[in-house]
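Enquirer: build me a structure from this.
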Amino acid sequence: MTPCINYHGYNMTLSDYNNSLNSIVNFKIYLSHKYKVLISEISWPIIVKYLQSLKEKKLLYIQPVKEVTAFSGKITLLKEYGFYLMQINNSLDIPESRKRFTIVHELVHMIVQLSKKLSFDPDYKPLLHLNSLPLQTKNNYNFIENEINFAASDLFVSDNQLFVMAQKQYYFSDMVSYTFLSPSAMQTRLHNFLVYRLNASFEDAKALVNAFRYNHDLSLLELLTLQDEVSLYFNTICEWDASQSYNNFIQEFNSVFNSELNWHAKRCFYYNVLNKATNRQAV
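Expert: Residues are numbered from 1 along each chain as shown. Below you'll find the model as predicted:
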């Protein structure tokens, strides 16, 4: 099964998802060095600090506007003045969490697209040379918006942070508070993670996330915790090249993902597969 989700008429593949996240790797490395934090710890509070620094240097102006239309926000390069103007819909009926996401969304537009025309930060020097996203046109508008949303969600909460929250047994409401995302954006982030990172089907991912959000079912946390334990074992504890064993394990892991077993039975099964892959005694 090839991971794929249809957003706004576009089938967004795993390659599209990875390309989106790769487009901001340079920027995350930069923030990590600038604020002395791990890349995996970059989140909304760090982004706020960075935006404030751009405003103080008069490289970016953020203008709240009130619109009655579906307008959320936009970023404009005023090249003749040497700065960017970010306009955010500040209407009272728009939740603060939505405004936060719009700010990060427009920031990503600036990083991966408009910066080709004018550097948004003279201190920002890419450490890696990864492809940025193409400029937006009428023909690719929704596709680029999907890519920008993927990257913005990753800036709010990394894959590693999802694992940490799972280990701490965060409920859905805890995750929303911790990440500063809206409930709908948090749900989408989890769903995308299950599909693109754990190879879950669209419907299975939807069922797991809905059960977690609305019924406080912790099966999702069980799955994330197990995946983290498996990755830790193969990537940290193994003293030999276990790549083939790991690949075999993942194949069997995915083969039972959609089975009718309950999650306790699946957990036992996964550990037995891990035992077979590494010649360890079953847990």
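Enquirer: report the separation between residue 102 and residue 75.
Expert: 10 Å (C-beta to C-beta, to the nearest Å). From N, CA and C alone the C-beta is placed, and that goes for glycine too.
Enquirer: mind giving me the packing neighbours of the host helix or strand of residue 51?
Expert: Here residue 51, judged by DSSP states H and E, is contained in helix 44-56. Identification of packing neighbours for helix 44-56 by 3 or more C-beta pairs under 8 Å, 6 or more residues apart in numbering; DSSP states H and E yields helix 25-35, strand 60-65, helix 96-112.
Enquirer: of these, which stretch is the most buried?
Expert: When the helices and strands packed on helix 44-56 are scored by mean count of other C-beta atoms under 10 Å, the highest mean neighbour count falls to helix 96-112 (a mean of 21).
Enquirer: turn the helices and strands packed on helix 44-56 into JSON lines, columns for mean pLDDT and distance to residue 197.
Expert: Shown next, in JSON lines, are the helices and strands packed on helix 44-56 (pLDDT from 0 to 100; distance: least, C-beta to C-beta, whole Å):
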{"stretch": "helix 25-35", "mean pLDDT": "92", "distance to residue 197": "16"}
{"stretch": "strand 60-65", "mean pLDDT": "94", "distance to residue 197": "32"}
{"stretch": "helix 96-112", "mean pLDDT": "94", "distance to residue 197": "20"}
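Enquirer: closest to residue 203 out of those?
Expert: Proximity to residue 203 (C-beta to C-beta) singles out helix 96-112 among these, at 25.5 Å.
Enquirer: report the distance from the next helix or strand after that closest one to the chain centre.
Expert: Beyond helix 96-112 on the C-terminal side, the first helix or strand identified by DSSP H and E is helix 141-156. Helix 141-156 sits 9 Å away from the centroid of its parent chain (C-alpha atoms, centre = their mean, to the nearest Å).
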